[in-house]
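>>> pasting a predicted model and its sequence here:
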Amino acid sequence: MRLDRIRPVPAPVPPAREEDEPGPLTVESAPPPATRPGDRPPAPTGLPELPKRWQPGAVTRDGSTRRRRSRALISFLVVVLLPTLVAGIYFAFIASPQYMSEFRFSVRPVSTGNLAAMAASGDATMIMSDSYIVADYVTSRDVLDELQRQLNLRDLYTKPGIDYLSRFDPEGSVEEFVSYWQGRISSYFDLVTGITTVEVTAFSPEDAHRITSIVKQLCEALVNDISEQARREQVNFAQAELGRAEQRLTDAQRKAFDFRNQINTIDAAKSAEADFGIVTQLRTTLSQLRTEYASSRAASLTDDAPTQRALRNRIAATEEQLKLMESRVSSRPEDGNAIGSGAEVIGNYESIQLEQTIAQQLYESALRNFENARMTAANNLIYLATYVQPSLPQRAAYPRVFIDTMLVFLCGFGAWVVLGLIFTSLKDHA
């Protein structure tokens with residue numbers, strides 16, 4: 001029975017009594033009309049007011065609220081609770097245990113100089129760069145290929161006992177296996193301490209320990225190769241310069257040797273100096289003889305006198321010897337084997353001596369640079385200082401059931417809130 005169809009029943013009118021005098025007729029005023037659409041007029045006098053839940057329009061508003069709450073509850077179950085439940089069951093009962101083994105190292109120089117000197121020489125920057133190289137190397141394909149060669153790494157991560165989501169597909173490509181491997185190994189370089197941490201996860205403690213040990217050996221080999229290559233490049237450059245200087249000195253010495261053989265003397269300068277001395281002495285002797293000859297002739301000695309004939313012979317011999325020495329010193333001989341006059345010989349010899357001196361100085365400088373390069377290269381050697389060795393894990397590091405499940409719950413709850421805000425915004429603008 002609908003309540004809005006109830007009509008008020010008029011009250012019975014009592015009979016009039018004779019003693020009652022008729023009074024003035026009064027008419028009750030009607031209820032004021034509603035001032036706004038949807039306002040319900042007040043109930044007639046004598047009837048109780050209906051409850052709000054029975055009033056017209058209340059049923060429609062309550063139904064809309066219940067539908068919104070139902071949709072929010074269903075979306076919360078689907079987006080938050082159901083993924084959390086599935087993740088909790090997977091982490092607790094399905095996921096295979098994963099064991100982690102790690103080692104920590106620092107790339108250090110062999111030299112034990114102070115830090116200020118290392119910073120000034122750029123060694124600190126070089127060591128930091130080498131540490132970054134090693135940290136990036138452990139996740140590279142080169143390490144994966146070497147592990148595959150030594151351990152058959154693919155078989156370790158494709159065992160049938162590993163759960164489906166954690167196991168690698170045996171038919172996967174090399175590129176896919178590299179991506180999978182990068183999820184099983186991690187490296188972190190601390191800029192403050194200069195320490196690099198490498199962590200490896202596997203599905204058995206023995207596999208994790210073996211993989212980590214081989215990765216450590218590969219890192220040590222890489223650091224040794226980097227150090228040896230830098231030393232070899234630095235020493236090879238200095239050695240090449242030394243070889244060029246040595247060849248130049250050898251050529252200069254051979255040229256000087258050939259020149260000495262050509263002039264038939266060991267020291268052309270001293271030989272030329274001796275020739276000039278002989279010429280000067282002969283000229284002095286010739287001048288004395290001529291003076292003596294003129295004096296004897298002035299003393300009324302005839303030209304046929306034995307003394308005069310002896311002086312003339314001596315003068316002739318001295319002149320002949322002087323001409324020979326002068327031709328040897330200052331004139332160019334006519335034979336093709338001669339190398340020139342004495343002045344030319346001295347000039348050529350001095351040029352050869354200067355070239356030999358320069359070559360000798362360059363060789364000595366290159367030799368010192370080579371020795372310094374060898375010493376510097378020996379001091380700039382680096383090595384891998386491992387202070388945390390790989391160990392055999394005793395307890396599985398993953399999965400962390402509670403933490404991982406809570407992470408799934410928080411992610412689902414955040415997604416649910418964002419989706420709810422987006423839906424509300426779209427509905428308001430519709």
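Okay, I see it.
>>> the stretch 301-430 of the chain: helices as residue ranges?
Counting by DSSP state H, counting those that start in this stretch, the stretch 301-430 of the chain has helices at residues 306-330, 342-379, 401-428.
>>> quick one: the helices in the stretch 151-300 of the chain?
153-156, 174-184, 205-263, 268-298.
>>> now the weakest link among those helices, please, by mean pLDDT.
Mean pLDDT is lowest for helix 268-298 among the helices of the stretch 151-300 of the chain, at a mean of 77.
>>> what packs against that one?
Counting contacts by 3 or more Cβ pairs under 8 Å, 6 or more residues apart in numbering; DSSP states H and E, helix 268-298 packs against helix 205-263, helix 306-330, helix 342-379. Using the backbone N, CA and C atoms, a C-beta is placed for each residue, glycine as well.
>>> ok so, going back, where among the helices of the stretch 301-430 of the chain is average confidence lowest?
Among the helices of the stretch 301-430 of the chain, helix 306-330 scores lowest, at a mean of 77.
>>> what strands line up against the strand ranked longest in the chain, and which way round?
In the chain, with assignment by DSSP state E, the single longest strand is strand 99-109. Strand 99-109 has the following strand partners under DSSP bridges: strand 196-202 (antiparallel), strand 382-388 (antiparallel).
>>> now tell me what touches the first one from outside.
Just to be clear, that refers to strand 196-202. 98-107, 131, 134-135, 138, 156-157, 184-190, 208, 211-212, 215-216, 219, 397-398 (Cβ atoms under 8 Å, 6 or more residues apart in numbering).
>>> hmm, back to that, what would the helices and strands packed on helix 268-298 look like in a markdown table with distance to residue 420?
What follows is the helices and strands packed on helix 268-298, written out as a markdown table (distance: least, Cβ to Cβ, whole Å):
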| stretch | distance to residue 420 |
| --- | --- |
| helix 205-263 | 43 |
| helix 306-330 | 116 |
| helix 342-379 | 66 |
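>>> can I get the ones you listed in CSV with distance to residue 390 and mean neighbour count?
Putting the helices and strands packed on helix 268-298 into CSV (distance: least, Cβ to Cβ, whole Å; neighbours: other Cβ atoms under 10 Å) gives the following:
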stretch, distance to residue 390, mean neighbour count
helix 205-263, 4, 16
helix 306-330, 86, 15
helix 342-379, 30, 15
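>>> mind checking which of these is nearest residue 393?
Among the helices and strands packed on helix 268-298, the nearest to residue 393 by Cβ to Cβ is helix 205-263 (4.8 Å).
>>> and the closest one, what does it pack against?
Looks like helix 205-263 contacts strand 99-109, helix 123-137, helix 141-151, helix 153-156, strand 196-202, helix 268-298, helix 342-379, strand 382-388 (3+ Cβ pairs under 8 Å, 6+ apart).
>>> out of those, which is closest to residue 261?
Using Cβ to Cβ, the helices and strands packed on helix 205-263 put helix 268-298 closest to residue 261, at 11.3 Å.
>>> any idea how far residue 310 is from the nearest residue in space to residue 322 that is not next to it in sequence?
Spatial nearest neighbour of residue 322, chain neighbours left out: residue 282 (4.2 Å); criterion: Cβ to Cβ, 6 or more residues apart in numbering. As judged by Cβ to Cβ, to the nearest Å, residue 282 and residue 310 stand 18 Å apart.
>>> residue 413 too?
In terms of Cβ to Cβ, residue 413 sits 139 Å off from residue 310.
>>> and the longest strand of the chain, C-alpha only, in CSV?
The C-alpha coordinates for strand 99-109 follow below in CSV (Å, rounded to 0.1, in the frame of the first residue of the first chain):
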residue,chain,number,x,y,z
TYR,A,99,71.0,-17.5,-3.3
MET,A,100,73.3,-14.5,-3.5
SER,A,101,77.0,-14.4,-3.4
GLU,A,102,79.1,-11.2,-3.5
PHE,A,103,82.6,-9.8,-3.5
ARG,A,104,83.9,-6.3,-3.0
PHE,A,105,87.1,-4.8,-4.4
SER,A,106,88.9,-1.6,-5.0
VAL,A,107,91.2,-0.7,-8.0
ARG,A,108,94.4,0.6,-6.5
PRO,A,109,97.8,1.8,-7.8
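>>> contacting residues for residue 139?
181-182, 185-187.
>>> ignore the last one, residue 242
Contacts for residue 242 (Cβ under 8 Å, 6+ apart) come out as 363, 366-367, 369-370.
>>> now those residues in CSV, with distance to residue 228?
Output for these, formatted as CSV (distance: Cβ to Cβ, whole Å):
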residue, distance to residue 228
363, 28
366, 23
367, 23
369, 21
370, 18
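>>> break the chain down into its structural domains.
Using automatic domain parsing, the domain parsing of the chain gives 69-93+399-430, 94-235+381-397, 241-376.
>>> nearest to residue 167, out of the helices and strands packed on helix 205-263?
Here helix 153-156 is closest among those (Cβ to Cβ), at 10.7 Å.
>>> only C-alpha atoms, please: export the closest one in CSV.
Provided in CSV are the C-alpha atoms of helix 153-156 (Å, rounded to 0.1, in the frame of the first residue of the first chain):
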residue,chain,number,x,y,z
LEU,A,153,76.0,-20.9,-17.6
ARG,A,154,72.8,-21.4,-19.7
ASP,A,155,72.2,-24.8,-18.2
LEU,A,156,72.4,-23.4,-14.6
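>>> list the buried residues for that helix?
For helix 153-156, a neighbour-count test (16 or more other Cβ atoms under 10 Å) marks 153-154, 156 as buried.
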